[in-house]
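1. Quick check, what structure comes out for this input:
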Amino acid sequence: MGWAKPEAADDSVWEDAREGFMERPGLGTLVRASQDLREEFEEAAENGGAIQSLALGALDNSFLVSDSGEYDSFDHPKRAILMRAETNMLLTNPMTNGKPHTTGLHQLVIETGKIVSEWRFGNDGTDVTMRDITNDTKGAQMDPSGLTFFGLDDNRLCRWVMRDKSGMVQNLASASASAPVLNWTQGHYFSRGTNFQCFATAGDGSIVVGSIDGKI
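-> Below is the predicted model:
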């Protein structure tokens with residue numbers, strides 16, 4: 001309640017949270033978990049891998065996505081979101097020439113660390129690209145049967161549906177040609193020049209989108 005609707009909660013809701021904090025002279029108040037995250041950032045920097053994104057978990061674990069990571073035949077992940085009660089993760093990787101757009105994503109089972117499926121972005125029989133992905137509601141990652149998420153590109157915003165409810169274990173060596181196509185359920189193509197860069201879902205169900213010129 002204190003996180004989702006701060007105006008409806010009093011300060012007592014944070015008492016338990018404060019017990020997990022520790023005081024450091026000169027550094028203010030830090031969360032214990034942030035110490036581990038800082039160590040992970042430092043380790044990634046030492047290994048030459050830049051942090052691409054952070055997938056924040058509502059349960060015990062959050063995840064740093066580094067460009068030095070590799071999963072099976074899939075390397076250099078760019079963006080990650082948690083799904084299905086945080087048992088699965090969707091990972092995208094950039095296209096060639098360092099561009100942040102991607103034509104598909106991979107589904108990873110967190111417990112095993114294995115990629116089990118590859119999916120392609122398509123609309124009306126045509127492959128499309130996405131710059132970013134995010135959960136389509138604030139608590140969607142905790143839904144064990146969650147199948148939908150939002151996608152954003154320079155001039156488009158849409159919702160995708162994973163057709164196979166359980167995911168598909170594929171032969172990843174030959175998956176690209178036969179990868180299932182995500183189902184475009186809702187979306188809009190905006191006029192050229194919007195240059196969308198990033199987005200997020202708000203607690204009231206709104207979508208907040210940022211463009212390259214700093215506008216929201």
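
2. so residue 87 makes contact with residue 110?
-> Yes - the criterion here is CB atoms under 8 Å, and residue 87 meets it with residue 110 at 5.9 Å. No exception for glycine: its C-beta is placed from N, CA and C like everyone else's.

3. quick one: which of those two has more around it?
-> More neighbours surround residue 110 than the other of residue 87 and residue 110, with 16 against 13 (other CB atoms under 10 Å).

4. Now do the same contact list for that one.
-> Taking CB atoms under 8 Å, 6 or more residues apart in numbering, we find residue 110 in contact with 61, 86-89.

5. Mind picking the two most distant members of those?
-> Taking CB to CB as the measure, the contacts of residue 110 span a maximum distance of 13.0 Å, between 61 and 88.

6. out of these two, which sits in the busier spot?
-> Between residue 61 and residue 88, counted using other CB under 10 Å, residue 88 has the larger neighbour count: 21 against 12.

7. which residues does the more buried one bridge with?
-> residue 83, residue 109 (DSSP bridges).

8. Low-confidence regions, this protein specifically.
-> 1-38, 40-41, 43-45, 47-51, 66-77, 94-98, 164-178 (pLDDT under 70).

9. Next, the contact list for the nearest residue to residue 200 once chain neighbours are set aside, please.
-> Nearest residue to residue 200, sequence neighbours excluded (CB to CB, 6 or more residues apart in numbering): residue 208, at 5.2 Å. Going by CB under 8 Å, 6+ apart, residue 208 touches 199-202, 216.

10. Show me the residues you listed that map onto strands.
-> 199-201 (DSSP state E).

11. Save those residues as TSV, and put in distance to residue 124 and neighbour count too.
-> Output for the ones in strands among the contacts of residue 208, formatted as TSV (distance: CB to CB, whole Å; neighbours: other CB atoms under 10 Å):
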residue	distance to residue 124	neighbour count
199	23	19
200	27	15
201	26	18
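
12. tell me the secondary structure for residue 191?
-> The assignment at residue 191 comes out as coil when based on DSSP: H, G, I helix; E, B strand; the rest coil.

13. my guess is it meets residue 154, correct?
-> No - in this structure residue 191 lies outside contact range of residue 154 using CB under 8 Å: 11.1 Å.

14. Would you mind telling me which of those two has more residues around it?
-> Per other CB under 10 Å, whichever of residue 191 and residue 154 has more neighbours is residue 154, with 18 against 6.

15. distance of that one from residue 190?
-> 9 Å (CB to CB, to the nearest Å).

16. Would you mind listing the residues touching both of these two?
-> Counting by CB under 8 Å, 6+ apart, the common neighbours of residue 154 and residue 190 are residue 196.

17. quick one: contacts for residue 105?
-> Taking CB under 8 Å, 6+ apart, one finds 90-92, 118-119, 121, 133 in contact with residue 105.
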